[in-house]
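1. Predicted coordinates and the sequence they were generated for:
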Amino acid sequence: MNRRGWGLLIAGTLLVGGALIGAVGADRFAPSDPEAIRLADALLSPSAEHWMGTDQLGRDLFSRMLHGARVSMRVGVGAIGIATAVGLLIGGLAGLLGGRWDGWIMRLTDVMLCFPTIFLILAAVAFLDNSEWNIILIIGLTGWMGVARLTRAEVLSLREREFILAARAAGAGPARILFRHLIPNALGPVIVSAALGVGTAILIESGLSFLGLGIQPPTPSWGNILTEGKETLGAAWWLTLFPGLAIFFVVLGCNLLGEGLRRRWRSS
């Protein structure tokens, strides 16, 4: 991998790693309770005491941003974890079984791809309560199609290799071949796709929260902090600037990390 590829990988790791450190250490790093209301401190601009200012209820924005990172990163990683697991299983089965089974499975995937993902998510949220777990599940179960197609393509190129033929000759069953040999060897491009997908999932969660359909206050997430900030955009610019920058840099970090991993995988 060339220097530019390493640079992308390092930059992405730093951005995403910084968000993860903030999320994991939110309780330690946050200077105050993110839900503590202090009306006397409402809408204070950034200062040495409140690094990112305060919101309409006097809550410290830096503390809310750290705890919002925990929610947003948990949703992003959890949703892509589910999408990747489902996509690996479905795509692996399609590639391994081939023939009519492959046709049926991939037609189902094509049908799912015909529906705009955001409308599927909005419809699902309308019928379920918008708890964090439900949002993770909904985003995950509506985002597996790309992983399935990618896995199927990899499995189709692997299933006639010598080591697969040797496993069959040794009496290995389809399940062992799939989970022991095919899926582990198809993980390279899937990991790249997952890194890119985390950023997409964070954007979706932020969009849902911004529309009032995602994580509900007082639990902080970057999306609902952004929603609260739009009401006072002219008087308190920091309430939209900081969550907007956080979303931008984390999604950028995921994209850089995915591109760096892609170049690393292609050069190996």
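-> Nice, thanks for sending it over.
2. The closest residue to residue 174 other than its chain neighbours: neighbouring residues, count only.
-> Using C-beta to C-beta, 6 or more residues apart in numbering and skipping residues adjacent in sequence, the residue nearest residue 174 is residue 96, 6.2 Å away. Placement of C-beta: from N, CA and C, glycine included. By the criterion of other C-beta atoms under 10 Å, residue 96 has 21 neighbours.
3. Residue 96 against residue 179, yeah?
-> No - Residue 96 is beyond contact range of residue 179, at 10.3 Å (criterion: C-beta atoms under 8 Å).
4. Counting by contacts, list what the strand or helix carrying residue 96 packs against.
-> Using DSSP states H and E, residue 96 sits in helix 61-97. For helix 61-97, the elements it packs on are helix 3-24, helix 26-29, helix 99-114, helix 132-141, helix 145-158, helix 187-210, helix 222-230, helix 238-267, judged by 3 or more C-beta pairs under 8 Å, 6 or more residues apart in numbering; DSSP states H and E.
5. Residue 71: which of those helices is closest?
-> helix 132-141 (6.6 Å; C-beta to C-beta).
6. Between its first and last residues, what's the separation in stretch 223-237?
-> Start and end residues of stretch 223-237 are separated by 16 Å (C-alpha to C-alpha, to the nearest Å).
7. can you give me the offset of it from its chain's centre?
-> 24 Å (C-alpha atoms, centre = their mean, to the nearest Å).
8. List the contacts of the worst-scoring helix or strand of the chain on mean pLDDT.
-> In the chain, the helix or strand scored least confidently by mean pLDDT, DSSP states H and E is helix 117-127, which has a mean of 78. The contact list for helix 117-127 (C-beta atoms under 8 Å, 6 or more residues apart in numbering) reads 134-135, 138-139, 142-143, 204, 207-208, 213-214.
9. ok, now stretch 100-115?
-> 90, 93-95, 97, 142, 145, 148-149, 152.
10. Just the CA trace of that stretch, in PDB.
-> Extracted C-alpha coordinates of stretch 100-115, given in PDB (Å, rounded to 0.1, in the frame of the first residue of the first chain):
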ATOM      1  CA  ARG A 100     -32.200 -22.100  -8.200                       C
ATOM      2  CA  TRP A 101     -31.500 -21.200  -4.500                       C
ATOM      3  CA  ASP A 102     -29.000 -18.500  -5.700                       C
ATOM      4  CA  GLY A 103     -31.600 -17.100  -8.000                       C
ATOM      5  CA  TRP A 104     -34.300 -16.900  -5.400                       C
ATOM      6  CA  ILE A 105     -32.100 -15.400  -2.700                       C
ATOM      7  CA  MET A 106     -30.700 -12.800  -5.000                       C
ATOM      8  CA  ARG A 107     -34.200 -11.900  -6.400                       C
ATOM      9  CA  LEU A 108     -35.200 -11.300  -2.700                       C
ATOM     10  CA  THR A 109     -32.100  -9.100  -2.300                       C
ATOM     11  CA  ASP A 110     -33.000  -7.200  -5.500                       C
ATOM     12  CA  VAL A 111     -36.600  -6.600  -4.300                       C
ATOM     13  CA  MET A 112     -35.200  -5.200  -1.000                       C
ATOM     14  CA  LEU A 113     -32.900  -2.900  -2.900                       C
ATOM     15  CA  CYS A 114     -35.900  -1.500  -4.900                       C
ATOM     16  CA  PHE A 115     -37.300   0.100  -1.800                       C
END
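11. what mean pLDDT would you report for it?
-> The average of the pLDDT scores along stretch 100-115 is 89.
12. Done for today, thanks.
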